[in-house]
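In: 3D, please:
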Amino acid sequence: MALGYAMDYREVLVTGGTGFVGTHVCRALIARGYLPRLLVREGSEGRIPADVRSACRVTPGDVTNRESVEYAVQGTMAVVHLVGIIREIPKQHVTFERLHVIATRNVVDAARRWEVSRLIHMSALGALPGGPTGYFDTKGRSEEIVRQSGIPWTIFRPSVIFGPGDQFINELAGILRIAPVVPVPGDGTFRLQPVFIGDVAKGFTDALLAPGTEGKVFDVGGPERFSYNELLDKVAASVGRRARKVHVPLSLLRPAVSRLQRFGRFPLTTDQLEMLLGESICDPAPFYSAFGFDPLSLSDYLTGGLGTLPSASGPTAKKGASGYGRLLEGNSAGSKEQEPPLRKTA
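Out: Coordinates of the predicted model:
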């Protein structure tokens, strides 16, 4: 495909586009008139929802393979790099080093080669080279690769993300519905600041046309902070249950997790435990100020019904309450440019 033809279609490469965050980012891009190009591992095409599949391009490949990344980047105007994992599977070559560091290096090298004009990168709160866990260390080193790329970049560091299809709030709800008791690491006072997926997707999308966001790192959290104990109580109440907690001393939990994490079905790893205990909170005011909207709180989301978007007639329907809703309306406060609709492809 000729470069001019691709640019005319406003193609944006999305890595990690079949995941929870990627699916919602693709929908946000489509609503704004972009054509997402998804780099998808062979056999994973079925994970793309039908509505996204009908309005995007799919390029087979692996983000850890330099050649396939270069092929996927060719002809795109920007890259939204979302690939990441929270659990390693070394036997399948799924490691933090490969999926965070090597993948990011491949994306940056390809974007430089094809002179891509914008790079949006998803990191995580607590990312730091040499950090306390392999996850935080590799996320931090990935950020450094992006910072040194020479491409206009924006980095987002989200807290725990909730929304339709998430694997945190919905899994907690599933456990609370059936389990007589819920184990809690330590005293359960460590805090989280859940952020709505629609607000995250809005930030990623608006950053493509917001020059003032270039070269900036945004911590992204919701408007509410909860201790883990409080979060369990809130989610339990939303499904008509009571959270009966059993606090497990860290002196017992840490060695147990270290021994059992090698079993794939064990639900926790040492890295995940330390990520929880390290807290996931931030000052999100610069993020919401830069992109010009009010965040949707977890409380309002749960009031609207767990696993679904809040009702348009509910209390969260006020103007600016949901970045996701405003994207679906095609009305982004973060951009002053009226954008053309996406033209259909053959």
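
In: isn't Pro183 right up against Arg244?
Out: No. Taking contacts as CB atoms under 8 Å, Pro183 lies outside contact range of Arg244: 10.5 Å. To be clear about C-beta, it is placed using only N, CA and C from the backbone, and glycine gets the same treatment.

In: how much space between the spatially closest residue to Ile86 that is not a sequence neighbour and Gly186?
Out: Taking CB to CB, 6 or more residues apart in numbering, and ignoring the residues beside it in sequence, Ile86 has Gln272 as its nearest neighbour in space, at 6.2 Å. Distance of Gln272 to Gly186, given as CB to CB, to the nearest Å: 14 Å.

In: which regions of the protein lie under the pLDDT threshold?
Out: For the chain, residues meeting the criterion pLDDT under 70 lie at 1-9, 305-346.

In: can you pull out the strands in it?
Out: 11-15, 35-40, 57-60, 78-81, 119-122, 153-158, 161-162, 182-185, 191-192, 195-196, 216-220, 226-227, 245-248 (DSSP state E).

In: How about the contacts made by Thr76?
Out: By CB atoms under 8 Å, 6 or more residues apart in numbering, the residues touching Thr76 are 6, 11-13, 37, 114, 116.

In: about what we covered before: the strands of the chain: which one's closest to Ser142?
Out: Nearest to Ser142, of all the strands of the chain, is strand 119-122, at 7.4 Å by CB to CB.

In: Show residues contacting the closest one.
Out: With contact meaning CB under 8 Å, 6+ apart, strand 119-122 is reached by 16, 21, 78-82, 84, 104, 107-108, 111, 142-143, 146, 149, 151-156, 158, 204, 207-208.

In: ditto for stretch 128-136
Out: Counting by CB under 8 Å, 6+ apart, 86, 88, 96-97, 124, 126-127, 137, 139-141, 143-144, 270-271, 274-275, 278 sit against stretch 128-136.

In: try 10 Å this time
Out: Identification of contacts with stretch 128-136 by CB atoms under 10 Å, 6 or more residues apart in numbering yields 84-88, 95-97, 100, 123-127, 137-144, 269-275, 277-278.
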